[in-house]
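1. 3D model of this:
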Amino acid sequence: MNLNEIGEVGLIERIKKKIDTKDPHIIAGIGDDAAVIKSDGRNYTLITTDMLIENVHFTLQAMSFSQIGHKALAVNLSDIAAMGGVPKFCLVNLGLNKKIRVEDVDEIYKGLQALAEEYNVKVLGGDTNFSPSGVIIDMCVIGEVEPEFLCLRSGAQAGDSIFVTGALGAAAVYLAKGKYFPPTPRIKTARAITKTVKVHAMIDISDGLANDLHHIAKSSNVGALINIEDIPVFPEADTELALSGGEDFELLFTAPDAEKDKLLREIPGKTGTALTCIGKITGEGIKIKRGDGKISLLSLRGYDHFK
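-> Numbers count the residues shown, from 1 in each chain. This next block holds a predicted model:
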């Protein structure tokens, strides 16, 4: 069986079945935006890692080395935000070929360090190695979260309202133009949300709204109904890009419907980030309501590394 037959999600599920995560210190392992570890202190430790590969996640024609460094850290910070946490430290692993200039490596660190300083993240070190086929940058970010603010994908409940931050489709629009859209990790927004209401489930939108909503629904064993006309679409994008474009790194979360007005009233003012209610969690099936009132199944749409 080849990887294109099961895709990235299928591969993760296959690995998950082979890994033993039965340990009293492991709160959450494979299947969430970050691993959650219970340590001796009051707060939980968050650990996440993401790898960026040349000509898969970026090209040297469309992005500067500084932008590559920025993106490498930003995608990891977004995972910490989706858990309701605060990033603290990071490790940087680089795969480089012999023709890369030293100044280019300096630029990678310039981009990631500027973002690290913005979020008070300390770079602890990492590893460097030879890569014959292109630049690889693999980062690990360590953070923490108070137990009462921890957000998983698996807590959505029927009747919850579904929310997204910002506007969707921006990264896809920029990609079509051969440009880089720098994501803003929603650390501060996620913290404001979790301190305002009890969030039931949260994920960052990396693979597209449709795919990531499926992740929440599957992890929580629920369904969902979203209204196509309520999806916040980035200027120049369309609804299809908003549903499947990916790499917007906005937050998708569910919370009690009774808290909807409070969230919509308070969060934009506290954070400067737009917040939109796009639907509700239901008992089963993931569906979308069109402008003409017709309801249909929402198919999986988004990026899969192996399909």
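2. what's across from residue 255 in the sheet?
-> Taking DSSP bridges, one obtains residue 161 as the residues bridged to residue 255.
3. Any figure for the gap between the residue most central in space within the chain and residue 210?
-> Note on the chain: the residue nearest the mean C-alpha position is residue 204, at 3.0 Å, using C-alpha atoms, centre = their mean. In this view, residue 204 and residue 210 are 15 Å apart by C-beta to C-beta, to the nearest Å. Bear in mind the C-beta positions are built from the backbone N, C-alpha and C, glycine included.
4. follow-up on the earlier one: I'd like to check which residues are in contact with the residue nearest to the centre of the chain.
-> Under the criterion of C-beta atoms under 8 Å, 6 or more residues apart in numbering, the contact partners of residue 204 comprise 33, 78-79, 81-82, 186, 212, 249-252.
5. Check the gap between it and residue 40 for me.
-> The spacing between residue 204 and residue 40, counted by C-beta to C-beta, is 29 Å.
6. related to what we said a few turns ago, nearest to residue 286 among the contacts of residue 204?
-> Closest to residue 286 out of those is residue 212 (11.2 Å), distances taken as C-beta to C-beta.
7. Measure how buried that closest one is and give me the count.
-> As a burial measure, the neighbour count of residue 212 was computed by other C-beta atoms under 10 Å and equals 24.
8. now residue 19
-> A count of nearby residues for residue 19, using other C-beta under 10 Å, gives 9.
9. Surely it is in contact with residue 31?
-> No - under the contact definition of C-beta atoms under 8 Å, residue 19 does not touch residue 31, with a separation of 10.4 Å.
10. List the buried residues for stretch 41-53?
-> Using 16 or more other C-beta atoms under 10 Å as the burial criterion, the residues of stretch 41-53 that qualify are 43-46, 48-50, 52-53.
11. same check, this time on stretch 174-191
-> 174-175, 180-181, 183-191.
12. and it, how far apart are its ends?
-> With C-alpha to C-alpha, to the nearest Å as the measure, the ends of stretch 174-191 fall 28 Å from one another.
13. Go ahead and measure how far that stretch is from the middle of the chain.
-> Once both centres are worked out by C-alpha atoms, centre = their mean, to the nearest Å, stretch 174-191 turns out to sit 11 Å from its chain's centre.
14. If you average the pLDDT over that stretch, what comes out?
-> Rounded to a whole number, the mean pLDDT of stretch 174-191 is 94.
15. Now tell me what touches that stretch from outside.
-> Around stretch 174-191, the neighbours that count as contacts under C-beta under 8 Å, 6+ apart are 58, 61-63, 67, 70-71, 74-75, 77-78, 80-82, 84-87, 115, 119, 149, 151, 165-166, 170-171, 173, 202, 204, 247-251, 267, 271, 273.
16. The same query, at a cut-off of 7 Å, please.
-> By C-beta atoms under 7 Å, 6 or more residues apart in numbering, the surrounding residues in contact with stretch 174-191 are 62-63, 67, 70, 74, 77-78, 80-82, 84, 86-87, 119, 165, 170-171, 249-251, 267, 271, 273.
17. same thing with stretch 161-172?
-> 181, 186, 189, 205, 209, 224, 226, 231-234, 237, 241-242, 245-248, 250-255, 257, 260, 263, 273-281.
18. Kindly report the same for stretch 78-85.
-> When contacts are taken as C-beta under 7 Å, 6+ apart, the neighbours of stretch 78-85 outside the stretch itself are 33-34, 36, 46, 48, 87, 141, 143-145, 149-151, 183, 185-187, 190, 194, 199, 202-204, 249, 251.
19. Check which element follows the helix or strand harbouring residue 253 along the chain.
-> Residue 253 belongs to strand 251-255 when assigned by DSSP states H and E. Using DSSP H and E, the helix or strand that follows strand 251-255 in sequence is helix 260-271.
20. Distance from the helix or strand just after that next one to the middle of the chain?
-> From helix 260-271 onward toward the C-terminus, using DSSP H and E, the following helix or strand is strand 275-282. Between the centre of strand 275-282 and the centre of its chain there are 18 Å (C-alpha atoms, centre = their mean).
21. try stretch 169-177
-> Its chain's average C-alpha position is 17 Å from that of stretch 169-177, according to C-alpha atoms, centre = their mean.
22. mind listing which of the contacts of residue 204 are in helices?
-> 78-79, 81-82, 212 (DSSP state H).
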